[in-house]
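Peer 1: Here's a sequence, model it:
(2 chains)
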Amino acid sequence: MSLPGAGVLGKLRVAGRPGLRRIDATLPVWVGAALFLVFLMLLPLGSIFVTSLRDEHGITLRNYLDVFTEEAFFKAIWNTVVVSFWVGVIALGIGALLGWLVTRTDLPWKRAIRALVMASFVTPPFLGAFAWTLLAGPNAGLLNKLYRSLTGSEEHLLNIFTIEGLIFVMALYSFPYVFSMIANVCELISSDLEDAANILGAGKMRVALSITLPLAAPALVGGFIIAFLHSLSLFGAPAILGLPSGIHTITTQIWALFQYPPRLDLAAAFSVPLLLTTMCLIALQKKILGRRGYSTVGGKGGQRRLVQLGVLRFPVLLLVVGILSLSVFLPYWILLKAALSKAWAVPLTWDNFTLGNFGFAFFSYGDTQRAILNTFKLGILTATVGTLIAALIAYITNRQIFRGARFLNFFALAPLVVPGIVLAVGLFIAYTRPPLALYGTIWILFVAYLTKEMPIGFSQAETTFKSIHPELEEASRIVGANRLRALRDVTAPLARSGLIAAWCFIFVGVIRELSASILLFTPKSKVVSVVIFDLKEEGQIGVIAVLGILLLVVSFLVIFTVQRLVGRDVLASRE
Amino acid sequence: MATVQLNGLTKSFAETAAVNDLTLEIADGEFVSLLGPSGCGKTTTLRLVAGFLKPDAGQIRVNSEVVSSPSILVPPERRSMSMIFQSYAVWPHMTVYQNVAYGLKFRSVTTAESDRRVREILAVVKLAHLAGRYPAELSGGQQQRVALARALVVKPEILLMDEPLSNLDANLREEMRFEIRRLHDEFKITSVYVTHDQSEAMVVADRICVMNQGRVEQVGRPEEIYESPKTRFVSEFIGKTNLLSGSLEEGNRIRIGDGLFLRVANEGGSRRGEKVWVCIRPHDLELSRAADHKQSHVQEGFNSFSGTVTRRIYFGDAVDYLVQLAGTDLVLRVIAPPGRRFGMGEKVFVLVHPERCVIVG
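Peer 2: Okay, the predicted model is just below:
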């Protein structure tokens, strides 16, 4: 091999000269993406604050006064607090129990249980709520019918249209959040830590109380807060279960304020406390989880021994299956039955069997075709644009492309603290007037979904780029590739599967979205979730079931793809 | 042919200067090692040379053409350099062959020529049989050699290495040092090698540049650095050392304690009465019993102090003693050959030639 040829350096061109020319050609892309993100967040939230402080005469606090003195509004706030609190408690109980059981005990069928928890997670709460109206509605609910036929009683056993019913259903679809947190922590606490206390003389009980519990405590509190927040921002379930018996929560109340005649000012004033509460709780949760340095809990080489359940093994398994049948088996079964029946409430026999609901939903019923089309159009569009922006932003923050880049983190994650319906209020106010009159088109839904799903897409993209060492890119540059070429040859192929996962997360999030859509849709821009909500009024049970199954099947297919792709548990990768 | 000049190079991160007014010249074909503790700015310096960072002040010239300055930055891809990264940065989605061939895409070589060069260099680093493998299927040492081959195949003018061996296990590390030096002797590429391991620097480098807190402490051949350290930092960082302080008095004598004087061969530019530090390597100290005090030592003007052995550790090839000098709280570390043994608490004489007592700044 000969020596490096002389004169190569002669070809060195001095690229940079003072002034504009030394700015990297890709810089406008980075800055553009950053500005877009900031704009996306600031406009709707700013609009809410401004509107809430205004009436026809100018700046005022009257809207807030109205909201907090009106008894009905006050009742809605109280209901929300009560419901969210109990949802938090129950979700914590179920989530922590299951999380511990699948990570630290010799419970059988753990993979199946994880998969079923995942199924509860993927099930849109409004769909679960709908299914439970079929199961435990006071008159026609199948469980009540069963009870009557067994006991001969005239009364109903269960009534889902109550505060208790609402808490029950919301807890069923909030516990997976707690589960994933607890399972993660339990996997990090090594048995060594417990053994260390053991060898110093602490008994089993003492170890559990003085070591294991304190280590898990931040996750428990954090899990409670997450479940609390989740139920705080839900719209579909409280609307389906609460409204028939006149129970309002904050979200349904905001929705009601949008019905004719719309009171945007009050809705805005009502949104602000919800927004502030969410912000405070998330800040609190970050603080609790951040304080004890969770990463130190881990450490490599720590072994985890499984607790032997012994004779309790099968009773515990039965309990777990029981819980999961409430969130998955029963609802799915009733949806399938309703989809395949002529009359959902009578037993599924050959006489009652039909595929007509599918045909009706997909081909005949006017609204659904367009809604399905809209939903998937929006899903694909939002996921594609969202992944692109999330990837750009994550790349910028990860590689510190320009000064202050890390503040973009904040904006990308900020929508986490904005409940969907609050975001919708902001977008409605911001985009109903020129210059950006998006209301009435599907574009306002696009903006809403893009904003709402940004945190999921961003954190996935960030994890992806974090795992790609910057030196891999630099190695390509030093041997001759320019920045774009390095991105194309090295970063892009390495980030591909992670970004496809981000795409899938956003897509699944979009197709099940209801709480923002419900304020922003117009007859032309209906989506499946809104149609399901509307059809409930019309009693089109079969069509709802078909649409629900469609959402579930598509979601599962997409999630399955992700799991194959990134080779890990999807639940674990969401905070 | 490539020379590199760093001139007054300065780079700060968030107000702290990582590299502070650094000046260094590297001759064509020379192998220079930047050596220092973590955080001393050596990696920053290397990344400045590579063009991944832009200096806040100063210049980098390659063959007297400015490639980096606060207003000019030739991008890394146009510097005809290669770099070996601490993490190896072997692309996991490409095979060994593809990794190595990648850089040739940016040079006008024919496919046949490219293939020939890749195969040739893979043979040099003994990876020819693994060309079709993916990095995940290779050991750490093999990945390291892929990085080496990838950097060499493009025939760079300048080769930069950022702690290239720090992720290898001890045996492999030792082997690869000699390998890197052998390849340099073969190809004579101007090389800059960053490390915190002094023995690594001594094996590979023609000259060592010792850095501390963003500044150059001393530049010189390995033996210069070891035998005549210019600063306390260098004497402590390179090898083991005894550091004594005292005031310089007449006749090249340094008063290191009550009535205790140390003769040095060279005052090293210090003035009389000035407080100075003296570096004595533990290997340069000798121990002897009062009874067999050698006449030759006295004649040659050896420094001689009486003391007591307070610690003794047997290492097989040497014995490591601590000797407390009589009437003082001065303790000297002596590393002596294992032939003659001295016991704990034994009264001994510590001897050292004035040539071996070096005044450091």
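
Peer 1: Give the residue spans of chain B that score low on pLDDT.
Peer 2: Scanning chain B for pLDDT under 70 picks out the ranges B:1, B:291-299.

Peer 1: From the rest of the structure, what touches the helix ranked longest in it?
Peer 2: Criterion DSSP state H: the longest helix present in chain B is helix B:170-187. Helix B:170-187 has contacts (CB atoms under 8 Å, 6 or more residues apart in numbering or on different chains) with A:1, A:3-4, B:31, B:124, B:140-141, B:144, B:148, B:152, B:161, B:164-166, B:168, B:191, B:193, B:200, B:203-204. Every residue, glycine included, has its C-beta placed from N, CA and C.

Peer 1: same thing but at 7 Å, please
Peer 2: When contacts are defined by CB atoms under 7 Å, 6 or more residues apart in numbering or on different chains, helix B:170-187 is touched by residues A:Leu3, B:Phe31, B:Gly141, B:Gln144, B:Leu152, B:Leu165, B:Leu168, B:Ser191, B:Glu200, B:Val203, B:Val204.

Peer 1: in that helix, what's buried?
Peer 2: B:Leu172, B:Arg173, B:Met176, B:Arg177, B:Glu179, B:Ile180, B:Arg181, B:Leu183, B:His184, B:Phe187 (16 or more other CB atoms under 10 Å in any protein chain shown).

Peer 1: any idea which of those residues is closest to B:Ile238?
Peer 2: B:Ile238 lies nearest to B:Arg177 out of the buried residues of helix B:170-187, by CB to CB, at 16.6 Å.

Peer 1: How far away from the center of its chain is the longest helix of chain B?
Peer 2: Computed by CA atoms, centre = their mean, to the nearest Å, the chain-centroid distance of helix B:170-187 equals 15 Å.

Peer 1: got the angle for the helix or strand just after it vs helix B:170-187?
Peer 2: Going down the chain from helix B:170-187, the next helix or strand is strand B:190-195, by DSSP states H and E. Angle, strand B:190-195 to helix B:170-187, by axes from the mean of the first three to the mean of the last three CA atoms, to 10 degrees: 170 degrees.

Peer 1: closest to A:Leu519 among the contacts of helix B:170-187?
Peer 2: Distance ranking of these against A:Leu519, using CB to CB, places B:Gln144 first at 58.5 Å.

Peer 1: pretty sure that closest one is touching B:Ala89, no?
Peer 2: No. Contact between B:Gln144 and B:Ala89 fails when scored by CB atoms under 7 Å: they sit 10.8 Å apart.

Peer 1: circling back to that earlier point, tell me the one of the buried residues of helix B:170-187 nearest chain A?
Peer 2: Closest to chain A out of these is B:Phe187 (6.5 Å), distances taken as CB to the nearest CB.

Peer 1: Which residue comes closest to the residue positioned nearest the centre of chain A once chain neighbours are left out?
Peer 2: Chain A has A:Gly509 as the residue nearest its centroid, 6.4 Å off, counting by CA atoms, centre = their mean. Leaving out its chain neighbours, the residue that sits closest to A:Gly509 by CB to CB, 6 or more residues apart in numbering or on different chains is A:Glu453, at 4.6 Å.

Peer 1: Can you tell me which of the contacts of helix B:170-187 end up in helices?
Peer 2: Checking the contacts of helix B:170-187 against DSSP H, those in helices are B:Gly141, B:Gln144, B:Leu152, B:Glu200, B:Val203, B:Val204.

Peer 1: hang on, the earlier thing: okay if I get the buried residues of helix B:170-187 as TSV plus distance to B:Thr45?
Peer 2: What follows is the buried residues of helix B:170-187, written out as TSV (distance: CB to CB, whole Å):
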residue	distance to B:Thr45
B:Leu172	26
B:Arg173	22
B:Met176	22
B:Arg177	21
B:Glu179	24
B:Ile180	19
B:Arg181	21
B:Leu183	22
B:His184	19
B:Phe187	23
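
Peer 1: tally of neighbours for B:Arg232?
Peer 2: 17 (other CB atoms under 10 Å in any protein chain shown).

Peer 1: That one: what's it in contact with?
Peer 2: B:Leu243, B:Trp277, B:Val360.

Peer 1: Among these, name the buried ones.
Peer 2: For the contacts of B:Arg232, a neighbour count by 16+ other CB under 10 Å gives the buried set as B:Trp277, B:Val360.

Peer 1: Alongside chain A, which residues does chain B contribute?
Peer 2: Residues of chain B lying close to chain A by CB under 7 Å from any CB of the partner chain are B:1-2, B:50, B:52, B:62-63, B:65, B:71-78, B:80-83, B:85, B:87, B:89, B:91-93, B:102-103, B:106-107, B:120-121, B:150, B:154-157, B:187-189.

Peer 1: Mind checking which of the residues you listed land in helices?
Peer 2: B:Ala50, B:Tyr102, B:Glu120, B:Ile121, B:Arg150, B:Phe187.

Peer 1: who wins for most neighbours among those residues?
Peer 2: Counting by other CB under 10 Å, top hit in those: B:Arg150 with 32 neighbours.
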